[in-house]
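1. Give the three-dimensional model of this entry:
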Amino acid sequence: MRVFILLAIFVALVSGRSSQTQTSDRDAWGSSSRGGTDRDRESEVLPGNVKAIKVKGELTCGTAPATGVRVKLWGKETDLEPSVLLAHGVTDQRGTFSLEGDTQNKPTDFEFKPVLTIYHNCEYNDKDKLRRVLIKVPTSYVTTTRFASKEYNIGKMNLEPVYPKETHENVVKVDQLSLKRLLMKMFF
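-> Model prediction:
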């Protein structure tokens, strides 16, 4: 089983499809004007339409940049966990990230309520678990085009404090969910 997982990760890395995040310095804080128009906000969250969202921010652990922190952009939050992964990545050496995702080629039969999850170990010594912070993205930043025309900036966020409804996730579970979604994307 481990050989299969390692092989799948290798194939994903070689094919370059393991991440949808944009990591260049220009993309991390630059604005994107790739098109799109503002539409009636109520129609943007209805099922059936292609929707896009872009989120950026800067994460710190105290006064130091939070580097290598996993960030994921989801299309909907359920009772158990977010579902419909739109984009994922890690923070750079400055602790910044920029994620953009859309629902094209994904199920759209749900009410679109995007959320950002941050998996980190700032001020946490358990090597087998990560702290998970969930941030709901306002639907006013959702566009009904293939590319996001607006960008939600969470600003500079210190990960030291314990946030309301913060949870702890098993590292293996976080990795398995990412791998499972990656394999589904690659082969199905």
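
2. can we go C-alpha only for contacts and neighbour counts from here?
-> OK.

3. Could you pull out the helices in the chain for me?
-> 2-15, 25-29, 41-44, 171-187 (DSSP state H).

4. By mean pLDDT, which helix or strand of the chain comes out lowest?
-> helix 25-29 (a mean of 32; mean pLDDT, DSSP states H and E).

5. For stretch 90-99, buried residues please.
-> Buried residues in stretch 90-99, counted by 16 or more other Cα atoms under 10 Å: 90-92, 95-99.

6. same question, stretch 136-147
-> Quick answer for stretch 136-147 (16+ other Cα under 10 Å): 137, 139-147.

7. re earlier: of all the buried residues of stretch 90-99, which comes closest to Asp128?
-> For the buried residues of stretch 90-99, the closest approach to Asp128 (Cα to Cα) belongs to Val90, at 18.4 Å.

8. from the buried residues of stretch 90-99, which two are the most distant?
-> Gly95 and Leu99 (13.4 Å).

9. circling back: confidence-wise, which of the helices of the chain is weakest overall?
-> Mean pLDDT is lowest for helix 25-29 among the helices of the chain, at a mean of 32.

10. where exactly do the strands run in this structure?
-> 52-61, 64-65, 70-77, 82-90, 96-102, 115-120, 129-136, 152-158, 167-170 (DSSP state E).

11. tell me the most buried of those strands?
-> strand 96-102 (a mean of 25; mean count of other Cα atoms under 10 Å).

12. Report the mean per-residue pLDDT for it.
-> Mean predicted confidence for strand 96-102 is 94.

13. Partner strands of it, with direction?
-> Pairing partners of strand 96-102, with direction, according to DSSP bridges: strand 52-61 (antiparallel).

14. ok and the strand it pairs with relative to strand 115-120, angle-wise?
-> 30 degrees (axes from the mean of the first three to the mean of the last three Cα atoms, to 10 degrees).

15. Contacts for strand 52-61, please.
-> Defining contact as Cα atoms under 8 Å, 6 or more residues apart in numbering, one finds that strand 52-61 is touched by 28-29, 65-67, 91, 94-103, 114, 122-123, 141-148, 150-160.

16. mean confidence for stretch 128-147?
-> For stretch 128-147, mean pLDDT rounds to 88.

17. what about it, start to end distance?
-> 36 Å (Cα to Cα, to the nearest Å).

18. What of stretch 50-68?
-> 30 Å.

19. what does stretch 64-74 give?
-> So stretch 64-74: terminal residues 27 Å apart, Cα to Cα.

20. ditto for stretch 76-94
-> This stretch, stretch 76-94, spans 28 Å end to end (Cα to Cα).

21. same deal with stretch 113-132?
-> Start to finish, the residues bounding stretch 113-132 are 18 Å apart (Cα to Cα).

22. what residues does that stretch touch?
-> 45, 53, 61, 66, 69-77, 82, 133-139, 159-160, 166-172.
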